[in-house]
Each structure stands twice: as structure tokens, then as C-alpha cells.
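just coords:
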């Protein structure tokens with residue numbers, strides 16, 4: 001069986017779908033190359049001296065892993081000089097990263113979580129990279145890009161994707177016309193199209209949530225999970241399985257593969273924050289992908305991609321996956 005390469009797929013999309021600009025195609029290819037480099041570093045593990053933590057913390061107050069910092073640098077360096085970008089933003093940096101003056105500037109903005117699920121790095125469990133592409137506002141032409149230029153709702157995303165570094169290294173992307181997956185051929189170093197028109201089943205019997213936080217959740221979320229655990233004899237009338245990898249990329253990838261629901265809701269430990277996950281470079285790109293695959297993504301009540309951001313590192317509650325199950329959670333929470 002002959003597989004298409006990532007480049008071939010993107011060129012075809014550019015020809016067939018006039019909405020895909022050449023700059024976006026090139027940008028996705030550069031991000032994909034950077035993900036190959038990150039995957040290579042992840043795969044080396046202790047042999048590459050990349051495991052373990054640093055003494056530094058990121059803007060979220062989380063201790064940085066060596067690979068967090070390395071992955072961030074790989075993405076910055078790969079994307080600085082190509083001429084497609086006006087600026088970048090990352091989970092690992094307090095403010096935006098402007099393109100140095102020595103390089104040409106483009107009209108797109110790139111946001112990324114360079115290594116999601118990094119608590120799993122040292123124990124050899126799947127982790128990944130998440131990215132989102134926005135177009136810089138028209139009024140930003142001819143002036144310095146500011147943080148405010150990034151504060152666009154998820155509906156404005158031009159493209160989004162993630163790479164998952166697991167038994168296979170995969171790249172999953174959406175250009176706004178469905179979701180496709182590419183597998184890295186490690187012998188040739190080429191991304192090959194292996195999963196077309198990915199669709200999430202509307203119904204599921206599988207949920208992913210960190211059960212150790214149950215006592216901190218809002219009552220409607222707790223009630224929903226208790227009803228799931230009650231199984232066939234409970235109000236939902238079916239037996240559920242629970243999965244929790246503690247890596248959003250790995251959990252979402254499983255949902256794209258066989259359905260399910262992923263939940264990281266508000267909890268009472270930080271009552272002033274709407275959730276733990278970041279809106280701009282975690283929730284928005286994953287919501288775009290999930291919706292394009294026929295799923296649904298909310299903050300438990302409202303559509304995530306409709307949220308107007310007010311801060312670069314804004315947090316949000318997340319409930320995404322199989323449409324009917326996400327809708328069920330919304331019915332629990334909307335009535336509270």
C-alpha cells in the first residue's frame with residue numbers, strides 16, 4: 001500500500017482547498033520537522049542525558065523538565081527564520097517571542113505546548129506536542145506584535161495539531177476540513193498519511209478524569225462520575241471504563257481512535273481559576289481537532305472555542321470527546 005507524505009497531502013490541500021495558504025503549509029511542515037527532533041530526543045531518554053528536572057519553574061509555577069526546555073528551544077529555533085511568523089507563544093515562556101529583526105516576518109502566530117504530559121517523561125509513558133496557528137490581526141501590519149494580538153477565540157484558528165510520542169510517533173492535524181493522522185516512518189524520517197477522515201463515535205462507555213480530585217469537584221461533575229460508576233444498575237444504564245494517562249495528548253489521541261470523554265474540570269483547590277489546562281495552546285487546538293472529528297468540547301457548559309481570551313496563559317475547565325457524552329455532562333452542569 002502506497003501512503004502519501006505530509007508534504008504531498010498539504011500541497012494537494014493547497015490546490016484543492018484555496019483556504020490553505022502557502023505560508024501555512026510551510027509552517028506546518030516546519031512544526032512537523034521540529035516534532036521529529038523532539039521525538040528523537042524523547043526516544044533517546046537517558047542515553048541523551050535529557051531525563052530529570054531542572055531547578056527552574058515555568059510561568060505556571062511548574063518545575064521544568066530538561067525535555068520541556070529543550071523542546072521549547074527546538075520549536076523556537078525551527079520557526080524563527082522561515083518568514084511565515086510574526087511571533088510565537090509557549091507554555092514555557094512568560095510572554096510572547098517576537099521574530100528577531102534579522103529574519104523576515106510573516107502574518108501568522110504560532111502557539112504551542114512544547115511537551116504536554118511531561119510528568120510522564122521519566123516513566124516512559126506517551127507524551128506529546130500541541131500547536132495552534134492564528135492569523136495576526138490586520139491592524140497589526142506595520143507595527144510590533146503584542147500579546148493582545150494573540151487573544152483570539154479558538155474559532156479563529158487557521159490550523160491546529162499535535163504530535164504524540166508513543167510506540168509510534170504520530171502527527172494529527174486539522175486545517176478546518178476534517179482531521180487526518182500521519183505516522184513517522186523512522187527508517188526514512190518521513191511523515192506518512194495513515195489515518196484519513198478521523199471520526200469520534202458519538203456514544204461511549206469510557207471516561208478519563210483524575211479520580212483523586214473527586215472531593216474537590218463541583219457537585220454536578222461529582223454526580224455525573226458517581227452515576228458512571230453506578231454502571232448498568234445506575235441512572236445511565238451502562239457500565240463505564242475509566243482511563244487516565246495524565247497526558248492530554250495521549251488521552252485525546254485515544255478518544256480520536258475509539259471514542260471516550262476527557263475531563264479536567266474546575267476544582268475547589270484554586271476556586272478563582274476556571275480550570276487547570278491552558279486555553280490558548282492546549283484547550284483551543286484540541287477542541288478544534290475534536291470538533292472537526294465530530295466530537296464536542298466545552299468548559300462543562302459553554303463551547304470552548306467561543307471563549308474570548310483575556311490573558312495569554314488563561315486557564316479553562318475542559319470536557320471534550322464523544323458528542324453525546326459531552327452533551328450529557330453539560331446537562332448535569334447547566335442545571336446546577
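Looks like it came in fine. Quantities reported herein were computed from a predicted structural model and do not represent experimental measurements. Numbers count the residues shown, from 1 in each chain.

low-scoring pLDDT stretches of the stretch 51-200 of the chain, where are they?
For the stretch 51-200 of the chain, applying pLDDT under 70 flags the ranges 54-63.

ok, which stretches of it are strands?
53-57, 63-65, 85-90, 97-98, 108-116, 127-135, 159-165, 169-174, 179-185, 190-195 (DSSP state E, counting those that start in this stretch).

Who are the packing partners of the third one?
Translated: strand 85-90. Under the contact definition 3 or more C-beta pairs under 8 Å, 6 or more residues apart in numbering; DSSP states H and E, strand 85-90 sits against helix 66-80, strand 97-98, strand 108-116. Glycine gets a C-beta too; all of them are placed from N, C-alpha and C.

buried sites along it?
Within strand 85-90, the residues scored as buried using 16 or more other C-beta atoms under 10 Å are 85, 86, 87, 88, 89, 90.

so how far is that strand off the chain centroid?
16 Å (C-alpha atoms, centre = their mean, to the nearest Å).

what's the answer for stretch 325-332, then?
For stretch 325-332, the distance to the chain centre is 22 Å (C-alpha atoms, centre = their mean).

Ends of stretch 104-124, what's the gap?
The straight-line separation of the ends of stretch 104-124 (C-alpha to C-alpha, to the nearest Å) is 39 Å.

What sits closest to residue 98 if chain neighbours are left out?
Distance criterion C-beta to C-beta, 6 or more residues apart in numbering; nearest residue to residue 98, sequence neighbours excluded, is residue 87 at 5.0 Å.

So that neighbour is in contact with residue 96, correct?
Yes: between residue 87 and residue 96 a contact is recorded at 4.9 Å, counting by C-beta atoms under 8 Å.

now the closest residue in space to residue 305 that isn't next to it in sequence: how far from residue 299?
Leaving aside its chain neighbours, residue 305 sits nearest to residue 154 (3.2 Å; criterion: C-beta to C-beta, 6+ apart). Distance of residue 154 to residue 299, computed by C-beta to C-beta, to the nearest Å: 11 Å.

Which neighbours do these two have in common?
residue 307 (C-beta atoms under 8 Å, 6 or more residues apart in numbering).

Show me which helix runs longest in this protein.
The single longest helix within the chain, with elements called by DSSP state H, is helix 22-44.

Give the burial count for the residue nearest to residue 305, as a bare number.
If you count neighbours by other C-beta atoms under 10 Å, residue 154 ends up with 25.

For it, list the residues it contacts.
132, 279, 283, 284, 285, 287, 288, 304, 305, 306, 307.

burial of the fourth one, as a residue count?
Other residues near residue 284 come to 28 when the count uses other C-beta under 10 Å.

That one: what's its closest spatial neighbour, skipping adjacent residues?
Nearest to residue 284 is residue 154, by C-beta to C-beta, 6+ apart, at 3.6 Å.

how near is that neighbour to residue 181?
Taken as C-beta to C-beta, the span from residue 154 to residue 181 is 21 Å.

do the same with residue 192
10 Å.

Kindly state the beta-bridge partners for the residue lying closest to residue 242 once chain neighbours are set aside.
Residue nearest to residue 242 in three dimensions, not counting chain neighbours: residue 207, with 5.9 Å by C-beta to C-beta, 6+ apart. For residue 207, the beta-bridge partners are residue 242, residue 261 (DSSP bridges).
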